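Participant: Got a predicted structure here, sequence first:
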Amino acid sequence: MPELPEVETTRSGIAPHIEGQRITGVIIRQPRLRWLIPNDLAQHLKGRKIQSVERRAKYLLLNLSNGTLIMHLGMSGSLRILPRATEPGKHDHFDLQFKTCCLRFHDPRRFGAVLWTDQSVADHPLISHLGPEPLSADFTGAYLHQQAQGRHVAVKNLIMDGKVVVGVGNIYANEALFRSRILPSRAANRISAARYLQLADEIKQVLAAAIKRGGTTLRDFQQEDGKPGYFAQELLVYGKAGEPCPGCGEPLKQKRIGQRSSFYCGKCQR
DNA sequence: ACAGTAACCTGTTTGC
DNA sequence: TGCAAACAGGTTACTG
């Protein structure tokens, strides 16, 4: 479900409700996520205030005075702000309670994570090895081109590799490659610097546009208030195999690259 | 170092 | 209609 725009939409949605608020309760209903939710979590959190809500890659970071709560939504996770007394439903694994509201973590597939660190987040093993943020100035076409040197993998796999750049998942990788007219299966080291310049630019543009629309809702992504995101209407190729290419009208193709469905135009993309 | 694959889970869609 | 297989937004860990 969530790629970077969806996580950023979640971050900006929950922040105003919980920043500056004191945690009054911690409820763990199902600790078995990607990793176990630490069972001593409550003693770190209870009574502390949320100082800020940040995002690094697809990780949400709730900063407290004594450490950071690290959350990941995995493939099917979502966070919602609800009235305190709302009855939990199926797959509502974790709640943070505040005076007037509750932050609820819902995740059917349980690929998400809720972790604690009292060290510097940048040094956390899940985060220390990550590449630059795609919307930062560090991420450029020149950087991408340099990363591609000596890499034989499909360019789609390169841009989805978190060590190269974070936050580009399957939807937006397909979209950015179509907009750049680059074939997703093309070997990373067989693409010119000029084309990488455009690719980096299109990645930034498509992510920024999706954030503006509140993310992409395919099945069940919802914003913190339960509303859908509206970027799905602007997808050009993702999930559209067989439909006419918006550029040339040829039917769009679908093929698996690195175990993930890829959508592209065999005529427009080279 | 790199590339490819299996694995973690449940729910929904597709195909016979 | 029923059932099984395939597939789904992510990422780590293992293999060669």
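Facilitator: All right, it came through fine. What you see is a predicted model, and the numbers here were worked out from it, not measured in a lab.

Participant: Please, which helix or strand holds residue A:203?
Facilitator: Element membership of residue A:203, judged by DSSP states H and E, is helix A:193-212.

Participant: Give me the nearest residue to the single nearest residue of chain A relative to DNA strand C, chain neighbours excluded.
Facilitator: Closest contact between chain A and DNA strand C, by C-beta to the nearest atom of the strand, is at residue A:169 (1.9 Å). C-betas here are computed from N, CA, C, even on glycine. Spatial nearest neighbour of residue A:169, excluding adjacent residues (C-beta to C-beta, 6 or more residues apart in numbering): residue A:3 at 3.6 Å.

Participant: Check the burial of residue A:42 by counting its neighbours.
Facilitator: 14 (other C-beta atoms under 10 Å).

Participant: same question, residue A:136
Facilitator: So residue A:136, with other C-beta under 10 Å, has 11 neighbours.

Participant: Could you do residue A:182 as well?
Facilitator: The criterion is other C-beta under 10 Å. On that basis, residue A:182 has 23 neighbouring residues.

Participant: now it: how far from residue A:159?
Facilitator: Using C-beta to C-beta, to the nearest Å, residue A:182 is found at 10 Å from residue A:159.

Participant: Which residues are in contact with each of those two?
Facilitator: Taking C-beta atoms under 8 Å, 6 or more residues apart in numbering as the contact rule, residue A:182 and residue A:159 both touch residue A:199.

Participant: what about chain A, any weak spots by pLDDT?
Facilitator: Scanning chain A with the threshold set as pLDDT under 70 gives A:1, A:220.

Participant: That one against DNA strand C: which residues are in contact?
Facilitator: A:1-3, A:6, A:34, A:57-58, A:72, A:74-76, A:109, A:111, A:126, A:162, A:169-171, A:216-221, A:259-261 (C-beta under 7 Å from any atom of the strand).

Participant: quick one: the strands in the stretch 1-150 of chain A?
Facilitator: With DSSP state E, counting those that start in this stretch as the criterion, the stretch 1-150 of chain A has strands at A:25-28, A:52-56, A:59-64, A:67-72, A:78-83, A:92-97, A:101-106, A:113-117.

Participant: How far off centre is the fifth one?
Facilitator: I take that to be strand A:78-83. Computed by C-alpha atoms, centre = their mean, to the nearest Å, the chain-centroid distance of strand A:78-83 equals 18 Å.
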